[in-house]
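**Student:** Have a look; sequence and predicted model below, questions after that.
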Amino acid sequence: MSMNSSNTNQVASNELETMLKLSELYQAGFKMDDAIVEVQRSSPSCKAYMVDVAFFCRMFTGGSTFPLLRCLDMFCKSCGHNLLIGEEMMNHLAHYDFKISGQTMVLTRFALAACILTSRKHQDGISKLIYKSDLDKLKNKDSTRKLDDMLHSLWTEAQKVSNTELAYIAFGKAAVRMTLHALSKQKIAKQESYDSFEEIVEQFQADLVSPASSTVKATSASAVSTDETSVQDLVNCSSQTVALFQNNHIKLNEKYTCPSQYEDKIFILKSIDDTGAHFEHSPLFGDPLKHCQDLASLKQWKHTKRETTQLCPPALCAQRMAYNFPSMQKEADKMYVNAILMEAYMTNKLKEDDMVSFTLHPNNLVLMKKAKKKELRFFPAGTCTAVPEKDLEKIVEKNKATLVWYKNKPFNVQPFKAVTSLEKPENGIFCPFFWAKASEEASEINLATGWVDFKQLKIPVLENPDGISPQTLLFKSTEEHLELEPPAKKAKSG
């Protein structure tokens, strides 16, 4: 079990100890999300607001080697304190917007954390020195910018000192002194008073050459992660990095609008560097419109999901033109087949409507008047759809479809809805071709399938090869089968 800063294992870890565990796991190869899950199993005191603790650890502790976290740990150990920051203040340390353009305020956040963790003013183990109202005093102030700038300068100097423990403790002291001076809380904090930042800097220089008051050995990292994306160094960073941190909606190659300058034009962010963010708008005609926005004014650019106007390339335009598109030809063929089949059906309808009749339960086709040889010719009526080549063999095998052929391509005829009740005949139609049933009895079979070529559409029809007496049930043969190809013999003209 990992010990906390008091070297006991009875007390749940505070925020600093939790961040140290996260950093250890991260440097050992864990992804930060996995490290969070692992640390939560030990039920630290800050478990309820682990998201804020982890965010602070990722963004404000100096990058993948966590130098600021190590500095904070050494400084707190030298003071002998083990306080909790608390949920509300931890959230503010992680997410408070100081309104200082161009700066992430990493070291100011570090200094505030150091003040809280080492405070002599506390209750029930929770620091009672720094409040949100104190952060509000620092917001959007030139003095706050100066504080952060001076902390940067001191941190840079501390990192050059070979004695890391000495340098880190000296920097921690200076950070606390500067913060308390900026907030006018030196007396409340029961700390020695300094009249200016410059005086604190002089004391920092003196602390760098005097022996460290603590002999606590700093914990070294077990491994260095090569993943620089999860944990970031916002101390030694460029203006570009600061701008991206303060404007998390800004991302390369995304689309943006700036209504105050360009009305409805849509720009794409092509690049960003310390000189500014480089946006580009591509009109339909003419040269692209380029705009370089200074990094301090990126908030006026709004991310958009709208699509940019695009002009179709000539080759694609020709390829997808309706009359050149293969599917268009297929649709044209289907429309032609449906129209021709309907025309064939209407052209070859029965001369007398009462020539045949129909029975229900079971369905049968009945000849009501005498029919001479080949006097009957029943055409299918329905909706035609093209049969995919891959499905043809299966359809033929089942032998239940009705196929017509056009340009050697099969089309399946789906019958229109048939009458199912003589009491409600308006719900369907009678089509003799589909009403005639198949029979295995040779004595009953009086219809045979023939083929008609009607305007290049080959259509199966039912004909009577012999004369038939009236009041006779009409049957076709079960022996007839579909073929994979159109009829070989020349079909009769319809």
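**Tutor:** Okay, I see it. What you are looking at is a predicted structure, and each value in this text was computed from that prediction instead of being measured.
**Student:** what's the biggest helix by length in the chain packed up against?
**Tutor:** Counting residues, the longest helix found in the chain (DSSP state H) is helix 326-347. Counting contacts by 3 or more CB pairs under 8 Å, 6 or more residues apart in numbering; DSSP states H and E, helix 326-347 packs against strand 382-386, strand 403-406, strand 409-415, strand 448-454, strand 457-463. C-beta: built from backbone N, CA, C; applies to glycine.
**Student:** mind listing what's buried in it?
**Tutor:** 333-334, 336-338, 340-341, 344-345 (16 or more other CB atoms under 10 Å).
**Student:** Need the nearest residue in space to Ser357, chain neighbours excluded.
**Tutor:** In space, and not counting its chain neighbours, Ser357 is closest to Val366: 4.8 Å by CB to CB, 6 or more residues apart in numbering.
**Student:** Are we agreed that that neighbour is in a strand?
**Tutor:** Yes - judged by DSSP: H, G, I helix; E, B strand; the rest coil, Val366 forms part of a strand.
**Student:** quick one: pLDDT of it?
**Tutor:** As predicted, Val366 sits at a pLDDT of 96.
**Student:** Likewise for Asn9?
**Tutor:** 44.
**Student:** Next: Ser213.
**Tutor:** Value listed for Ser213 in the pLDDT field: 38.
**Student:** what's the answer for Leu25, then?
**Tutor:** pLDDT at Leu25 comes out at 93.
**Student:** ok, it to Asn82 distance?
**Tutor:** As judged by CB to CB, to the nearest Å, Leu25 and Asn82 stand 21 Å apart.
**Student:** For the helices and strands packed on helix 326-347, give me CSV that also has mean neighbour count, mean pLDDT and distance to Leu311.
**Tutor:** Conversion of the helices and strands packed on helix 326-347 to CSV gives the following (neighbours: other CB atoms under 10 Å; pLDDT from 0 to 100; distance: least, CB to CB, whole Å):
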stretch, mean neighbour count, mean pLDDT, distance to Leu311
strand 382-386, 18, 94, 34
strand 403-406, 22, 94, 39
strand 409-415, 18, 94, 37
strand 448-454, 17, 93, 47
strand 457-463, 22, 95, 42
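**Student:** I'd like those strands as JSON lines, with distance to Ile36 appended.
**Tutor:** JSON lines is the format used below for the helices and strands packed on helix 326-347 (distance: least, CB to CB, whole Å):
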{"stretch": "strand 382-386", "distance to Ile36": "57"}
{"stretch": "strand 403-406", "distance to Ile36": "65"}
{"stretch": "strand 409-415", "distance to Ile36": "60"}
{"stretch": "strand 448-454", "distance to Ile36": "75"}
{"stretch": "strand 457-463", "distance to Ile36": "70"}
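**Student:** nearest to Phe325, of those strands?
**Tutor:** strand 382-386 (15.3 Å; CB to CB).
**Student:** Which SSE is immediately downstream of the closest one?
**Tutor:** helix 389-398 (DSSP states H and E).
**Student:** helices or strands next to that following helix in the packing?
**Tutor:** Against helix 389-398 (3+ CB pairs under 8 Å, 6+ apart) you get no helix or strand.
**Student:** ok so, going back, following the longest helix of the chain in sequence, what is the next regular element?
**Tutor:** For helix 326-347, the following helix or strand on the C-terminal side (DSSP H and E) is strand 356-359.
**Student:** okay but the residue nearest to Ser357 is in contact with Ile468, surely?
**Tutor:** No - judged on CB atoms under 8 Å, Val366 makes no contact with Ile468 at a distance of 10.8 Å.
**Student:** residues in contact with Thr385?
**Tutor:** 334, 411-412, 414 (CB atoms under 8 Å, 6 or more residues apart in numbering).
**Student:** what ranges of the stretch 51-200 of the chain fall below the confidence cut-off?
**Tutor:** When residues are selected by pLDDT under 70, those of the stretch 51-200 of the chain lie in 81.
**Student:** Now with 80, please.
**Tutor:** Within the stretch 51-200 of the chain, the segments meeting pLDDT under 80 span 80-82, 191.
**Student:** if you go through it in chain order, where are the helices?
**Tutor:** Along the stretch 51-200 of the chain, the stretches classed as helices by DSSP state H, counting those that start in this stretch are 67-79, 87-95, 106-117, 132-138, 142-159, 164-183, 197-209.
**Student:** With respect to burial, which of the ones you listed scores highest?
**Tutor:** Stretch with highest mean neighbour count among the helices of the stretch 51-200 of the chain: helix 106-117 (a mean of 26; mean count of other CB atoms under 10 Å).
**Student:** Show me how far it is from its chain's centre.
**Tutor:** Here helix 106-117 is found 37 Å from its chain centre; the criterion is CA atoms, centre = their mean, to the nearest Å.
**Student:** what's the angle from that helix to helix 142-159?
**Tutor:** 90 degrees (axes from the mean of the first three to the mean of the last three CA atoms, to 10 degrees).
**Student:** What would helix 106-117 look like as CSV? C-alpha coordinates only.
**Tutor:** Provided in CSV are the C-alpha atoms of helix 106-117 (Å, rounded to 0.1, in the frame of the first residue of the first chain):
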residue,chain,number,x,y,z
VAL,A,106,-0.5,27.4,-14.6
LEU,A,107,1.9,28.7,-12.1
THR,A,108,-0.7,30.9,-10.4
ARG,A,109,-2.8,27.8,-10.0
PHE,A,110,0.2,26.0,-8.6
ALA,A,111,0.8,28.9,-6.1
LEU,A,112,-2.8,28.9,-5.0
ALA,A,113,-2.6,25.1,-4.4
ALA,A,114,0.6,25.5,-2.4
CYS,A,115,-1.0,28.2,-0.2
ILE,A,116,-4.0,25.9,0.4
LEU,A,117,-2.1,22.7,1.1
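**Student:** how does the protein divide up, domain by domain?
**Tutor:** According to automatic domain parsing, the chain comprises the domains 15-236, 240-303, 330-493.
**Student:** Which among those domains is found nearest to Cys312?
**Tutor:** Nearest to Cys312, of all the domains of the chain, is domain 240-303, at 10.8 Å by CB to CB.
**Student:** Indicate which one of the helices of the stretch 51-200 of the chain is closest to Leu422.
**Tutor:** helix 87-95 (77.8 Å).
**Student:** Residues in contact with the closest one: which ones?
**Tutor:** 15, 46, 48-49, 52-53, 55-56, 59-60, 85, 109, 112-113, 116, 127, 130-132, 135.
**Student:** Would you check how far apart the residue most central in space within the chain and Ile272 are?
**Tutor:** In the chain, the centroid-proximal residue (CA atoms, centre = their mean) is Lys305; its distance is 12.8 Å. Using CB to CB, we find Lys305 at a distance of 20 Å from Ile272.
**Student:** likewise His152?
**Tutor:** Distance of His152 to Ile272, computed by CB to CB: 22 Å.
**Student:** what sits against Val337?
**Tutor:** Counted by CB under 8 Å, 6+ apart, Val337 has contacts 384, 404, 406, 411, 457.
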